[in-house]
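Quick one, what's the 3D model for this:
(2 chains)
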Amino acid sequence: MMKIFIYKLLAILVGFYIIFQLTIGLVLKDIKNSISNYSSEENILFVKEKIREELKNGLSKDKILSPEDAKLIKNFYFKIKKEIENSK
Amino acid sequence: MKSINFFKDNFIYLLFTIYFFLGIFLVKDYGITVDEEFHRYSGLYWLNYIAEIAHLDNLKLEVTQKLNEISGHTLPNPKDFPFYGVTFDLPLAFLEIIFKIEDSRNIFLLRHYFNFFVFFISSIYFFLLLKDRFKDNKILFIGIILFLTSPRIFGDSFYNNKDIIFLSLVTINIYYLFKFFDNSNLNNLFLFSLFSSLTCATRIVGIFLPLSFIIYIFVSKDQNSNWSNIFKKIITFNLIFFTFLILFWPYLWANPISNFFLSLKIFSSYPIEFKMLFNGHYINSKFLPLNYVPIWISITTPLITLFLFLFGYFILLKRFFIRLVNIRVLATSNDFWKSQTEKKDFFIFLNFSAIFFYIILSNTDLYNGWRHLYFLHIFLSYIACIGVYKLFLNFRKIKYVLLILTILPLANLYGIIKFHPFQSFYFNELLINSKKKDFEVDYWGLAGTKFLEDLIINNKNLNDLNLAVASFIPLERSLKMMKNVNRSKINIVGQNYEIADYIFHNNISEVDKSKNKKYSIPENFKLIDEFYIQGFMIYQLFKKI
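Down below sits the predicted model:
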């Protein structure tokens, strides 16, 4: 009886380990991988380089903003400025 | 008729003789790989440590001199990586000193000869192991052919002083374990314990053999055997095993227990992480996809071996389930096997399955394809032989099927010839043409020596040539395998493309090339040469314009 119990226990443990690794383990691995990818030095350098590139592209154009966006940002800027001036 | 019988009786001697002389003849064709210099360094480092402890002043002086000559900004210091086993590196360092070998090409050639020799010895053990199990000459022939002619294993057997040495020791170890299964006397137990410690001292993952041995002792217990005998065997084994393990592994001498556990920890989580190209994407060596090992094994193992292995594995799996569902409280024979041969088959099946699925599920760090798991080749070959055995039984009356089955494994030789001397770049027909650029090929810089030699031949008048390397491969280590007179002609400048005359490029990168441009070829360089094998780009050469 003891022998059967040990075999069953082992089978359950192995089964549990496989199911755990294929479900929760896999999700955890994906999360860790994503965090590692986003926070990696390589990715930070890539983002920095991308921003630099976009700024250069923007400077090479005659106009960076569309007339509507320019007007919107201007209005927003003046509104903020006014609020700051009115505050104590 | 007499001559046929003579051939039948002696074919194996003929096969091994041909293989031995072929190997000796081919050794010089192979280049050097990037890890070899570190392992030579490691061997000398530990030899120096032993000379210091044993107060061997003359030896220490010579070793220190050699150690001082070793340089290279990309070469790791063994002080920072002391946990590697030195069962191969240490004796080779000693031989280098004893025979006063000074030229680097000769030093590495000596290592290559010994590498091949160890694998050759292990193939004899594999033959003996099969002989005890199958007894049929045709199966023995097929088994040996499958073991020797897997192109990646064949190629690596000349220079891979880690994975192939480990595979060889695992093979020898399993042979002695099976000897112990057949006859549980002290002599066999001693030999098994001795080789277990040697295997484990080479690579800590070898611990799986002692562990499964202990489990097996318990599972093998029947109503006639008593507990005191079982514990006697286990205690004797452990005593011999740990004594020799410490003896063979100088790293354990200072602090056996904590250093042993530290090595175990490092095995499951290697301290360095990097990106590698796998299936068209750059993946992190610490977060491997589930299909990493299955894909690598299935695209780099010859199709005939793969087919026979899958068939053999299916037979063993079926047998395992039948035995499992028929376990009874009071049984006349063992629960999992009915004979000694079944016991051996079950051991192979259980160990292969446990290691294979554990590696896949446990997120163990791997890189450079599946070379760390080359020790599974003994299991693959053995299980493939079970497949052959079953096919022979099923088709025993159809003579031509038997003939085809016997001759078919020889097709592996085609892969060996086609890729020579780069068998380690072998991929089977499952990898379609469009996918050939999606995998790392020369991750160990094996073709580096050929590249440098060709460069010298094509630029005879050039001296002090500046060569940049647009790859993770430390190409300067390949210079060591070149003729002395040519070494100083090339100056490797890493990624300093501004001062380079030429750039070496291959598809090996530790960073994601789509994000990191460190290996991008500058626009003022033009492709002038490239080397392909069977559609796989091995390297490219760019020249400044």
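
drop to CA atoms for contacts and neighbour counts, all remaining ones
OK.

Where does the residue in the stretch 151-300 of chain B that chain A sits nearest to sit, in terms of helix or strand?
The nearest approach of the stretch 151-300 of chain B to chain A comes at B:Phe287, 6.1 Å away (C-alpha to the nearest C-alpha). Using DSSP states H and E, B:Phe287 falls within no helix or strand.

any idea of the pLDDT on it?
According to the predicted model, the pLDDT of B:Phe287 comes to 92.

ok, how many other residues are close to the closest residue to B:Leu308 other than its chain neighbours?
What sits nearest to B:Leu308 in space, not counting adjacent residues and going by C-alpha to C-alpha, 6 or more residues apart in numbering or on different chains, is B:Ala384, at 4.6 Å. For B:Ala384, the tally of surrounding residues (other C-alpha atoms under 10 Å in any protein chain shown) stands at 26.

was I right about B:Ala384 contacting B:Leu310?
Yes: counting by C-alpha atoms under 8 Å, B:Ala384 sits close enough to B:Leu310 to count as a contact (7.3 Å).

how much space between the residue nearest to B:Phe536 when sequence neighbours are not counted and B:Ile315?
The shortest distance from B:Phe536 to any residue other than its chain neighbours is 5.9 Å, reached at B:Lys436 (C-alpha to C-alpha, 6+ apart). According to C-alpha to C-alpha, to the nearest Å, B:Lys436 and B:Ile315 sit 33 Å apart.

mind checking pLDDT for B:Ser3?
Predicted confidence (pLDDT) at B:Ser3: the value is 67.

what secondary structure does residue 76 sit in?
If you meant another chain, say so; for now it's chain A. helix (DSSP: H, G, I helix; E, B strand; the rest coil).

that's the other chain; I wanted chain B
Criterion first, three-state DSSP; result for B:Pro76: coil.

What separation do you get for it and chain A?
When C-alpha to the nearest C-alpha, to the nearest Å is applied, the distance between B:Pro76 and chain A equals 22 Å.

can you check B:Leu413 too?
Here the criterion is C-alpha to the nearest C-alpha. By it, B:Leu413 lies 39 Å from chain A.

So which bits of the strand or helix carrying the residue nearest to B:Leu308 are buried?
When secondary structure is defined by DSSP H and E, B:Ala384 falls within helix B:377-394. Within helix B:377-394, the residues scored as buried using 16 or more other C-alpha atoms under 10 Å in any protein chain shown are B:377-392.

Now the one residue sitting closest to the centre of chain A: closest residue in space, sequence neighbours ignored.
To find the centre residue of chain A, average its C-alpha atoms and take the closest one (C-alpha atoms, centre = their mean): that gives A:Tyr38, at 6.2 Å. Spatially, and ignoring its direct neighbours in sequence, A:Tyr38 is nearest to A:Ile44 (7.5 Å; C-alpha to C-alpha, 6+ apart).

Now residue 62: phi and psi?
No chain in the question, so chain A it is. Per-residue torsions, A:Asp62: phi -70, psi -50 (degrees, to the nearest 10).

okay, now it: neighbour count?
A:Asp62 has 7 neighbours, counted by other C-alpha under 10 Å.

Using the three-state scheme, assign B:Ile508.
Secondary structure for B:Ile508, judged by three-state DSSP, is coil.

how far away is it from chain A?
For B:Ile508, the distance to chain A under the criterion C-alpha to the nearest C-alpha works out to 17 Å.

What distance do you get for that residue to A:Asn57?
Plainly put, B:Ile508 is 32 Å away from A:Asn57 if you go by C-alpha to C-alpha.

In terms of neighbours, single out the busier of those two.
Residue environment comparison for B:Ile508 versus A:Asn57 gives the larger neighbour count to B:Ile508, 25 against 11, counting by other C-alpha under 10 Å.

who are the neighbours of the longest helix seen in chain B, in terms of helices and strands?
As assigned by DSSP state H, the longest helix anywhere in chain B is helix B:104-133. Counting by 3 or more C-alpha pairs under 8 Å, 6 or more residues apart in numbering or on different chains; DSSP states H and E, the packing neighbours recorded for helix B:104-133 are helix B:2-26, helix B:137-148, helix B:163-182.

I'd like the next helix or strand past the longest one.
The reference is to helix B:2-26. Using DSSP H and E, the helix or strand that directly follows helix B:2-26 along the chain is helix B:36-53.

what's in contact with the helix or strand following that following helix?
Once helix B:36-53 ends, the next helix or strand along the chain (criterion: DSSP H and E) is helix B:57-69. With contacts defined as C-alpha atoms under 8 Å, 6 or more residues apart in numbering or on different chains, helix B:57-69 is touched by B:Tyr41, B:Leu44, B:Tyr45, B:Leu47, B:Asn48, B:Ala51, B:Glu52, B:Ile97.

so who does the residue in the stretch 1-150 of chain B that chain A sits nearest to touch?
Across the stretch 1-150 of chain B, no residue is closer to chain A than B:Thr74, which sits at 20.0 Å (C-alpha to the nearest C-alpha). Under the criterion of C-alpha under 8 Å, 6+ apart, the contact list for B:Thr74 reads B:Pro474.
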